[in-house]
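Novice: Structural data only, the sequence is not supplied:
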């Protein structure tokens, strides 16, 4: 496991949404997006949660694939 911190940010008007999480906290980050979308006092919408959630999943999938991809030898 890596010590890297993932940063996800969204600016909506005067509000700033910044989510910091490591790879082991992906599920918790997704739940946080849902809680923020459900809060009527925030301008953060379910659409915002869906878009950012997709980014979280895509980034996690990209990291997973790159860890297990074996570089091809180009010495022909």
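Specialist: Structure's in. What do you need? Just so we're clear, the structure is a prediction, and the values are computed from it rather than from any experiment.
Novice: buried stuff in the helix or strand encompassing residue 18?
Specialist: For residue 18, the host element (DSSP states H and E) is strand 15-21. By neighbour count on 16 or more other CB atoms under 10 Å, the buried set for strand 15-21 is 17, 19, 21. Yep, even glycine has a C-beta here, placed from its N, CA and C like the rest.
Novice: for stretch 29-43, same thing?
Specialist: 29, 30, 32, 33, 36, 37.
Novice: dump the residue contacts of the fifth one.
Specialist: Shown here is residue 36, whose contacts under the criterion CB atoms under 8 Å, 6 or more residues apart in numbering are 17, 42, 44, 49.
Novice: likewise residue 32?
Specialist: Going by CB under 8 Å, 6+ apart, residue 32 touches residue 19.
Novice: Tell me where the protein has helices.
Specialist: 26-38, 46-68 (DSSP state H).
Novice: Take these and lay them out in TSV including distance to residue 13 and mean pLDDT.
Specialist: Listed next are these as TSV, based on distance: least, CB to CB, whole Å; pLDDT from 0 to 100:
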stretch	distance to residue 13	mean pLDDT
helix 26-38	15	96
helix 46-68	12	83
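Novice: Quick test: name the residue nearest the centre of the chain.
Specialist: Centroid-nearest residue in the chain: residue 56, 2.5 Å away (criterion: CA atoms, centre = their mean).
Novice: ok, it touching residue 29?
Specialist: Yes - the criterion here is CB atoms under 8 Å, and residue 56 meets it with residue 29 at 5.8 Å.
Novice: any idea how far residue 8 is from residue 26?
Specialist: 11 Å (CB to CB, to the nearest Å).
Novice: what do those two both touch?
Specialist: Counting by CB under 8 Å, 6+ apart, the shared contacts of residue 26 and residue 8 are residue 56.
Novice: least trustworthy position among the contacts of residue 36, going by pLDDT?
Specialist: Of all those, residue 42 carries the smallest pLDDT score, 91.
Novice: residues touching that residue, list them.
Specialist: Counting by CB under 8 Å, 6+ apart, residue 42 touches 15, 36.
Novice: Phi and psi next, for it.
Specialist: Phi and psi for residue 42, reported as degrees, to the nearest 10, are phi -110, psi 150.
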